[in-house]
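*Asks:* Provided below are the primary sequence and the corresponding predicted coordinates.
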Amino acid sequence: MTTTDQTEEVTMPHRLAEDSADISADLAALRDDVARLSDTLASVVRSQADAAGATIRGAVADARGQLSQVAYSIRDGAIDQSADFERRIERNPLTAVLIAAGVGLAFGVMSRQR
């Protein structure tokens, strides 16, 4: 064997060890990068979910407020109609009694035909 062959034999395992160490270091760095990417992605997803939840909560609160306003409006309208109906009965009691009798008679006739 020549000195060049011996140098190549000594250098070859040394290079393999260096390459193996480099690959190990690269893999470790890659694992760290993937872990950081995972954490970042989880954080982004969490913040998007929080934002979506806040938007939904806001929409529900708005809908609840509008529904409440509609309910109050309907209630006030029903109270006004009831008061108006009572006033009409007080002004024309005979007409109210005749209308009630007519409605009662109509229901009675309809119920006998069945």
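*Replies:* Here it is on my side, so go on.

*Asks:* longest helix in the chain, please.
*Replies:* helix 3-91 (DSSP state H).

*Asks:* so for it, mean pLDDT?
*Replies:* Per-region confidence: helix 3-91 scores 88 on mean pLDDT.

*Asks:* for the following helix or strand past it, buried residues please.
*Replies:* Where DSSP states H and E defines the elements, the next helix or strand beyond helix 3-91 is helix 93-113. Buried residues in helix 93-113, counting neighbours by 16 or more other CB atoms under 10 Å, are absent. Bear in mind the C-beta positions are built from the backbone N, C-alpha and C, glycine included.

*Asks:* using CSV, write down the CA coordinates of helix 93-113.
*Replies:* What follows is helix 93-113, C-alpha atoms only, in CSV (Å, rounded to 0.1, in the frame of the first residue of the first chain):
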residue,chain,number,x,y,z
PRO,A,93,-121.8,48.2,23.1
LEU,A,94,-124.9,47.1,21.2
THR,A,95,-122.9,46.6,18.0
ALA,A,96,-120.3,44.6,19.9
VAL,A,97,-123.0,42.3,21.4
LEU,A,98,-124.6,41.8,18.0
ILE,A,99,-121.3,40.9,16.4
ALA,A,100,-120.5,38.5,19.2
ALA,A,101,-123.9,36.8,18.9
GLY,A,102,-123.4,36.6,15.1
VAL,A,103,-120.0,35.0,15.5
GLY,A,104,-121.4,32.6,18.1
LEU,A,105,-124.3,31.7,15.9
ALA,A,106,-122.0,31.0,12.9
PHE,A,107,-119.8,28.7,15.0
GLY,A,108,-122.9,26.9,16.3
VAL,A,109,-124.2,26.3,12.7
MET,A,110,-120.8,25.1,11.5
SER,A,111,-120.4,22.7,14.4
ARG,A,112,-123.9,21.1,13.8
GLN,A,113,-123.1,20.4,10.1
